[in-house]
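Colleague: no sequence for this one, just the structure:
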């Protein structure tokens with residue numbers, strides 16, 4: 001019956017009711033039996049039994065194991081292992097935080113979401129990323145740069161609607177450097193006190209470093225740039241700009257983007273200063289499946305070293321406004337995207353959270369991903385522009401819709417802040433109308 005459900009989901013024109021029934025079946029099946037299923041798989045003669053045994057014993061799976069999983073036709077087996085790993089990780093994190101057994105068991109069935117604003121202050125960019133539909137060259141039609149007042153006004157509106165986080169990323173614009181962003185963050189903190197500022201990809205930090213100078217004229221290093229931004233009010237850092245770490249893929253798709261080593265180093269410096277950060281992977285840009293697993297391995301080793309990553313977000317490329325499909329890039333299927341979620345949960349055993357970013361996956365596939373290892377649906381994502389420019393169908397969701405997606409997967413919705421504090425105990429929660 002489960003196979004029939006996936007066949008239905010893969011078809012076009014399937015009635016919404018049939019899809020909903022399949023999602024409910026999959027969610028109930030997975031969330032009630034993942035440990036038992038994995039135990040049975042480990043003791044069988046199935047070709048994934050050796051990996052299931054590792055998952056059960058909390059033994060780290062290898063890159064070779066991950067490569068087998070990223071192409072396996074056994075999607076249900078993969079999903080069950082990942083779902084069990086999700087439940088166990090959530091339980092372990094809860095116990096580490098001092099919660100009771102009952103509370104930890106509830107956390108094992110919890111999916112996080114938050115109320116957030118995406119603020120993209122400029123789309124002017126001198127970088128070269130073949131997959132980007134958002135960027136505009138200086139002076140190009142459609143190029144924009146917000147004033148400080150305009151950007152702050154958007155944050156103020158979002159805060160009045162309950163936002164606890166503003167997520168700030170933009171193009172590599174030579175006119176919006178560390179001074180502009182320091183002024184922007186200071187204004188946000190002054191005018192909209194209490195909101196959490198998560199801002200700047202590692203690519204932007206490297207870009208700032210090309211221009212930032214100290215009083216004596218010498219270049220500012222990464223630590224000094226972070227310190228200046230933190231003094232202005234920076235609270236944490238997103239994980240964008242990672243794309244696929246493979247040098248061959250970067251040379252083809254984003255030749256002037258920082259290499260993997262620099263991306264990791266910038267996050268290491270952020271962690272050393274006490275900033276928590278996220279990590280991403282952008283699939284569907286011409287990479288081979290094994291390169292996704294190798295990307296995860298780079299992140300796993302980086303987390304072993306610095307320990308400051310909160311969340312991994314497997315992203316998927318959208319193709320409106322770019323020529324990747326015409327160049328022969330093969331888009332990911334829904335099955336590919338579920339594999340990415342599940343394999344990331346199993347490979348990244350030192351990451352507490354795996355996010356199903358609904359704005360890229362779509363609501364239905366994101367809901368299924370909650371049974372394939374994801375424990376976070378992201379948030380309301382007010383005013384997102386980057387994926388929307390490449391063809392995403394929606395730019396935001398209401399809180400009720402997010403909650404219903406999670407409940408429809410037979411899981412427990414829990415609002416969080418950026419640092420994964422439950423909203424009721426968060427210093428960033430909205431206490432009154434702003």
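Modeller: Looks like it came in fine. Since this is a predicted model, take the numbers as computed values, not measurements.

Colleague: Beyond the helix or strand hosting residue 187, next helix or strand please.
Modeller: In the assignment (DSSP states H and E), residue 187 maps to helix 178-191. As assigned by DSSP H and E, the chain's next helix or strand after helix 178-191 is strand 196-199.

Colleague: quick one: that next one to chain centroid distance?
Modeller: 15 Å (C-alpha atoms, centre = their mean, to the nearest Å).

Colleague: for stretch 285-300, same thing?
Modeller: 15 Å.

Colleague: what comes up buried for it?
Modeller: Neighbour counts over stretch 285-300 (16 or more other C-beta atoms under 10 Å) mark 285-287, 289-300 as buried. The way it works is simple: take the backbone N, C-alpha and C, and place the C-beta from them, glycine included.

Colleague: and which of those residues is nearest residue 267?
Modeller: residue 299 (9.2 Å; C-beta to C-beta).

Colleague: What ranges in the stretch 251-400 of the chain fall below the confidence cut-off?
Modeller: Low-confidence segments of the stretch 251-400 of the chain, defined by pLDDT under 70: 382-396.

Colleague: where along it do the helices fall?
Modeller: Remark: helices assigned in the stretch 251-400 of the chain by DSSP state H, counting those that start in this stretch are 260-272, 289-306, 334-347, 358-361, 363-369, 386-389, 399-408.

Colleague: so what pLDDT did the spatially most distant residue from the centre of the chain get?
Modeller: Each residue of the chain has a distance to the centre, and by C-alpha atoms, centre = their mean the biggest one is for residue 216: 38.8 Å. What the model reports as pLDDT for residue 216 is 91.

Colleague: Now it. Its backbone dihedrals?
Modeller: Note on residue 216: backbone dihedrals following degrees, to the nearest 10 are phi -90, psi 0.

Colleague: can you pull the contacts of it?
Modeller: By C-beta atoms under 8 Å, 6 or more residues apart in numbering, residue 216 lies in contact with nothing.

Colleague: so residue 86 is in which element?
Modeller: Using DSSP H and E, residue 86 falls in helix 75-96.

Colleague: Buried residues in that helix, which are they?
Modeller: 75-91, 93-94.

Colleague: do stretch 270-289 as well
Modeller: 270-271, 275-287, 289.

Colleague: and if you look at stretch 215-232?
Modeller: 220, 222, 224-226, 228-230, 232.

Colleague: Using CSV, lay out those residues together with pLDDT, distance to residue 371 and secondary structure.
Modeller: Compiled in CSV, the buried residues of stretch 215-232 are given as follows (pLDDT from 0 to 100; distance: C-beta to C-beta, whole Å; DSSP: H, G, I helix; E, B strand; the rest coil):
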residue, pLDDT, distance to residue 371, secondary structure
220, 96, 46, coil
222, 98, 39, helix
224, 97, 45, helix
225, 98, 41, helix
226, 98, 38, helix
228, 97, 43, helix
229, 98, 38, helix
230, 98, 38, helix
232, 98, 41, helix
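
Colleague: what's the farthest-apart pair in those?
Modeller: It's 222 and 232 that sit farthest apart of the buried residues of stretch 215-232, by C-beta to C-beta, at 15.9 Å.

Colleague: Would you mind giving the buried residues of stretch 215-232 as TSV with distance to residue 427 added?
Modeller: Shown next, in TSV, are the buried residues of stretch 215-232 (distance: C-beta to C-beta, whole Å):
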residue	distance to residue 427
220	29
222	27
224	27
225	25
226	21
228	23
229	20
230	16
232	18
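
Colleague: Now flag whichever of the residues you listed is closest to residue 46.
Modeller: Out of these, the member with the shortest distance to residue 46 (by C-beta to C-beta) is residue 222, at 46.7 Å.

Colleague: Could you check how many residues crowd around the closest residue to the closest one other than its chain neighbours?
Modeller: Nearest non-adjacent residue to residue 222, counting by C-beta to C-beta, 6 or more residues apart in numbering: residue 269, 4.5 Å away. The tally of other residues near residue 269 (other C-beta atoms under 10 Å) stands at 20.

Colleague: again, but for residue 182
Modeller: 16.

Colleague: just residue 72 next, same as before
Modeller: Neighbour tally, residue 72, other C-beta under 10 Å: 16.

Colleague: Is it part of a helix or strand, or is it coil?
Modeller: coil (DSSP: H, G, I helix; E, B strand; the rest coil).

Colleague: show me the contacts for the closest residue in space to it that isn't next to it in sequence.
Modeller: Of all residues not flanking residue 72 in the chain, residue 78 sits nearest, at 5.7 Å (C-beta to C-beta, 6+ apart). Residue 78 makes contacts with 48, 69, 72, 339, 342-343, 372, as judged by C-beta under 8 Å, 6+ apart.

Colleague: Out of these, which comes closest to residue 142?
Modeller: For the contacts of residue 78, the nearest to residue 142 is residue 339 (35.5 Å; C-beta to C-beta).

Colleague: Near the closest one, how many other residues are there?
Modeller: Applying other C-beta under 10 Å, we find 25 residues neighbouring residue 339.

Colleague: What sits closest to it if chain neighbours are left out?
Modeller: Leaving aside its sequence neighbours, residue 339 sits nearest to residue 70 (C-beta to C-beta, 6+ apart; 5.6 Å).

Colleague: right, and the one you found touches residue 342 too?
Modeller: No: Residue 70 lies out of contact with residue 342 (C-beta atoms under 8 Å); the separation is 9.0 Å.
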